[in-house]
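# Sequence and predicted structure below; questions after.
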Amino acid sequence: MNLYLVLLHLAGAITLLLWAVRMVRTGVERSQQPALKRLLRRNGGGGLRAAAIGAAIAVLLQSSTAVAMLAAGFAAAGTLTLATGLTLMLGADLGSALVVQILSVELTWLVPLLLVAGGWAFFRGGSRKFRQGGRILMGIALILVSLQMIGEATEPLRASALLPGVVGYLASDFVTAFLIAAAFTWLVHSSVAAILLFATFAVQGLVPSELGVSLILGANVGGGLIAMGLTRNSVVAARRIALGNLVFRGSFAVAGLLVYHYLQPSLTLLGGETARQMINLHLAFNALLLALCLPLTGLMSRLVSRLIPEHEQPEEAQLVLTSSRLDRSVISQPTLALASAKRELLRMAEIIERMITPMMDLYETGDPVQIKQVKKLEEAVDRAQSDIKLYLAQISYPEDMRDEARRGQELANFAINLEYVGDAISKTLVKLAETRRDQNLKFSAAGWRELNELHYRVMQNMQLALNVLMSEDPESARLLLEEKDAMRSAERASAVGHLQRLRDGAAQSIETSNIHLETVRALKTINSLFASVAYPILSQNGDLLDSRLVEQSSRGEM
């Protein structure tokens with residue numbers, strides 16, 4: 001047996017497993033993110049309903065961490081209470097355990113079918129959702145393939161003379177095994193992948209039952225650490241949810257570890273084989289965690305609120321008061337000055353992102369405090385735009401730096417477009433949200449779904465536009481324009497659907513018709529303003545020859 005070759009094959013199989021799990025999650029997020037956010041937004045109805053929603057989303061995303069990040073976004077926007085967020089996470093932990101149950105079933109016979117169906121849907125699909133459905137099917141197939149590869153790669157280890165000593169030590173030192181499992185799970189950033197890996201080792205006879213218990217409980221703590229790490233720089237509300245979930249999982253896991261290793265209860269009720277016992281233990285752990293901790297979410301909310309106190313200023317105010325990133329000491333060096341202007345454009349875009357992210361929540365709640373915050377942020381956008389224009393106007397370009405001079409003008413145009421975006425949000429979308437609130441109007445289910453999907457597209461395209469701004473990559477610029485075309489098609493489809501609802505006499509659609517159409521128009525305009533960053537880059541590379549198109553796009557007229 002060549003140990004290095006075995007480890008290489010094992011590393012490749014583990015990498016494929018991690019990538020396949022991420023592939024499934026990405027497919028679900030890209031195709032269903034607006035629907036998932038609507039589901040999270042309507043999480044009322046009691047703790048059990050919120051837990052069920054958390055479990056359902058975790059099953060779809062194959063990750064409780066993904067649910068934590070979604071919940072963090074809503075908590076940051078003020079539309080999710082801390083207690084409800086903790087309940088969602090308890091449900092999500094159970095959902096991820098259900099995913100392990102599903103993927104542990106012998107389904108290798110499905111692999112060719114999933115690969116063919118998934119590949120056909122991804123390459124020949126006519127719509128975004130159809131292609132992402134293909135991605136999901138192929139991801140599931142690759143998960144099954146990777147598990148089979150892990151089994152094949154670890155089979156030679158059973159003959160290793162070193163392995164029995166290592167396994168024996170870890171089985172006797174349950175604390176070390178527990179910590180190693182937690183650290184490994186955090187390292188790979190997937191509790192589902194970690195537990196499937198441990199179970200596969202057990203199938204090969206590499207993990208005895210007493211070691212399996214330590215590994216499973218440690219992996220649960222590692223899953224909590226992942227969310228804590230990802231939210232460490234987030235707003236207070238998000239960090240509190242992650243910390244509360246970690247305290248729940250960590251304390252319960254430590255208690256379970258001590259109970260097992262000092263009382264030595266039988267695991268026969270969990271299954272006959274070690275691998276099945278480990279997988280069922282994971283499910284039982286999270287089911288008991290939900291049952292025992294659900295009544296304690298209020299108490300945990302108060303505890304984590306003490307551990308993570310509020311900042312003296314809201315995050316929005318801190319962002320507004322952040323000093324400009326324009327470095328006036330390099331204004332005599334055009335290349336460095338343009339880089340400084342780019343950094344300030346990114347800060348300006350961060351402020352706009354804070355304005356537009358909670359807009360659909362604002363449409364539902366009409367919260368006057370949030371409206372006031374958005375208007376205050378719009379003032380910061382205006383100041384940033386003015387500062388950038390004046391800064392760029394002060395740069396002197398030598399005769400041989402015409403490209404830099406042109407780029408400076410393009411950055412000034414994009415700053416103006418971002419300021420237009422801020423105006424569209426505060427002067428159009430916010431006013432429409434106030435109108436809906438004041439008149440107590442309700443969108444139809446179909447209309448509300450369309451608005452959420454368009455809003456999600458704009459958010460995604462904003463991130464792509466900022467990537468294009470920084471990288472100046474022609475391929476990314478072309479993708480941004482393709483997304484702009486997709487947005488135009490989605491806007492037309494929304495208009496057609498809305499008119500059909502008006503013909504059908506839908507009362508809610510009639511009442512909200514002006515708000516719906518103006519919102520769609522505003523989102524389309526905002527998206528076009530973001531996409532304007534792509535035209536100069538493509539024109540420079542010879543992909544756009546009509547200067548009139550560039551000029552119109554820079555004004556957001558296309």
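Sure, I can see it. Residues are numbered from 1 along each chain as shown.
# List the contacts of the residue nearest to Ser209 when sequence neighbours are not counted.
Counting by CB to CB, 6 or more residues apart in numbering, Ser209 lies nearest to Thr274, which is 5.1 Å off, once chain neighbours are set aside. In short, each C-beta sits where N, CA and C put it, glycine included. Going by CB atoms under 8 Å, 6 or more residues apart in numbering, Thr274 touches Ala202, Val207, Pro208, Ser209, Gly212.
# go on, Val99?
Ala58, Val59, Gln62, Val192.
# where exactly do the helices run in the stretch 1-150 of the chain?
Ranges of helices within the stretch 1-150 of the chain are 3-41, 47-61, 64-77, 82-103, 111-124, 128-154, based on DSSP state H, counting those that start in this stretch.
# Alpha carbons only: can I get the helix or strand harbouring Ile416 in PDB?
Assigning secondary structure by DSSP states H and E places Ile416 in helix 402-423. Extracted in PDB, the C-alpha atoms of helix 402-423 (Å, rounded to 0.1, in the frame of the first residue of the first chain):
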ATOM      1  CA  ARG A 402      -5.000  59.700 -22.500                       C
ATOM      2  CA  ASP A 403      -6.300  56.300 -21.500                       C
ATOM      3  CA  GLU A 404      -6.100  57.400 -17.800                       C
ATOM      4  CA  ALA A 405      -7.900  60.600 -18.600                       C
ATOM      5  CA  ARG A 406     -10.600  58.700 -20.400                       C
ATOM      6  CA  ARG A 407     -10.900  56.300 -17.400                       C
ATOM      7  CA  GLY A 408     -11.300  59.200 -15.100                       C
ATOM      8  CA  GLN A 409     -14.200  60.500 -17.100                       C
ATOM      9  CA  GLU A 410     -15.800  57.000 -17.000                       C
ATOM     10  CA  LEU A 411     -15.400  56.800 -13.200                       C
ATOM     11  CA  ALA A 412     -17.100  60.300 -12.900                       C
ATOM     12  CA  ASN A 413     -20.000  59.100 -15.100                       C
ATOM     13  CA  PHE A 414     -20.400  56.000 -13.000                       C
ATOM     14  CA  ALA A 415     -20.400  58.100  -9.800                       C
ATOM     15  CA  ILE A 416     -23.200  60.200 -11.300                       C
ATOM     16  CA  ASN A 417     -25.100  57.000 -12.200                       C
ATOM     17  CA  LEU A 418     -24.800  55.700  -8.600                       C
ATOM     18  CA  GLU A 419     -26.100  59.000  -7.400                       C
ATOM     19  CA  TYR A 420     -29.100  58.500  -9.700                       C
ATOM     20  CA  VAL A 421     -29.600  55.100  -8.200                       C
ATOM     21  CA  GLY A 422     -29.700  56.700  -4.700                       C
ATOM     22  CA  ASP A 423     -32.300  59.100  -6.000                       C
END
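# about what we covered before: and the contacts of Val99, which two are furthest apart?
Val59 and Val192 (10.5 Å; CB to CB).
# who's more crowded, the two?
Val192 (28 against 20; other CB atoms under 10 Å).
# Name the helix or strand for that one, please.
Going by DSSP H and E, Val192 is in helix 191-203.
# State the number of residues packed around the closest residue to Ala349 other than its chain neighbours.
Leaving out its chain neighbours, the residue that sits closest to Ala349 by CB to CB, 6+ apart is Leu466, at 5.5 Å. Using other CB under 10 Å, Leu466 has 18 other residues around it.
# Leu466 touches Arg347, doesn't it?
No: contact criterion CB atoms under 8 Å: Leu466 and Arg347 do not qualify, at 11.2 Å.
# Now do the shared contacts for Val59 and Val192.
Ser96, Val99.
# what's the very next helix or strand once past the helix holding Ile416 packed up against?
Beyond helix 402-423 on the C-terminal side, the first helix or strand identified by DSSP H and E is helix 430-438. Helices and strands touching helix 430-438, as assessed by 3 or more CB pairs under 8 Å, 6 or more residues apart in numbering; DSSP states H and E, comprise helix 359-365, helix 368-393, helix 513-531.
# contacting residues around Gly422?
Taking CB under 8 Å, 6+ apart as the test, what Gly422 contacts is Ile351, Ile352, Met355, Leu377, Glu378, Val381, Asp382, Gln385.
# just to revisit the earlier point, and of the helices of the stretch 1-150 of the chain, who's closest to Val247?
helix 82-103 (9.6 Å).
# Need the mean per-residue confidence for the closest one.
The pLDDT scores in helix 82-103 average 89.
# so how far is it from its chain's centroid?
Distance, stretch centre to chain centre, for helix 82-103: 16 Å (CA atoms, centre = their mean, to the nearest Å).
# and Asp473, how many neighbours?
Neighbours of Asp473 using other CB under 10 Å come to 15.
# Just the pLDDT at it, thanks.
pLDDT, Asp473: 86.
# How about Leu40?
64.
# re earlier: helices or strands next to the helix or strand that comes right after the helix holding Val192 in the packing?
Downstream of helix 191-203, the first helix or strand assigned by DSSP H and E is helix 209-230. Under the contact criterion of 3+ CB pairs under 8 Å, 6+ apart, helix 209-230 touches helix 64-77, helix 82-103, helix 163-172, helix 174-188, helix 191-203, helix 236-263, helix 274-293.
# Nearest to Ala507, out of the ones you listed?
Comparing these by CB to CB, helix 64-77 comes nearest, at 29.2 Å.
# Just want the angle from the closest one to helix 82-103.
160 degrees (axes from the mean of the first three to the mean of the last three CA atoms, to 10 degrees).
# For helix 64-77, the averaged confidence score.
Rounded mean pLDDT across helix 64-77 is 74.
# where does the stretch 451-558 of the chain dip in pLDDT?
541-558 (pLDDT under 70).
# Now do stretch 192-207: everything it contacts.
Stretch 192-207 is contacted by residues 14, 17-18, 21, 62-63, 96, 99-100, 103-104, 143, 147, 150-151, 154-155, 157-158, 163, 167, 181, 184-185, 188, 212, 215-216, 219, 222, 273-275, 278-279, 282 when judged by CB under 8 Å, 6+ apart.
# On the three-state scheme, Ile395 is what?
Secondary structure, DSSP: H, G, I helix; E, B strand; the rest coil: Ile395 is coil.
# again but with Gly272, I slipped
coil.
# do you know how far Arg30 is from Cys293?
Relative to Cys293, Arg30 is positioned 32 Å away (CB to CB, to the nearest Å).
# care to break this protein down by domain?
3-307, 315-554 (automatic domain parsing).
# Out of the ones you listed, indicate the one that is most buried.
Among those, judged by mean count of other CB atoms under 10 Å, the one packed with the most neighbours on average is domain 3-307 (a mean of 19).
# That'll do, ta.
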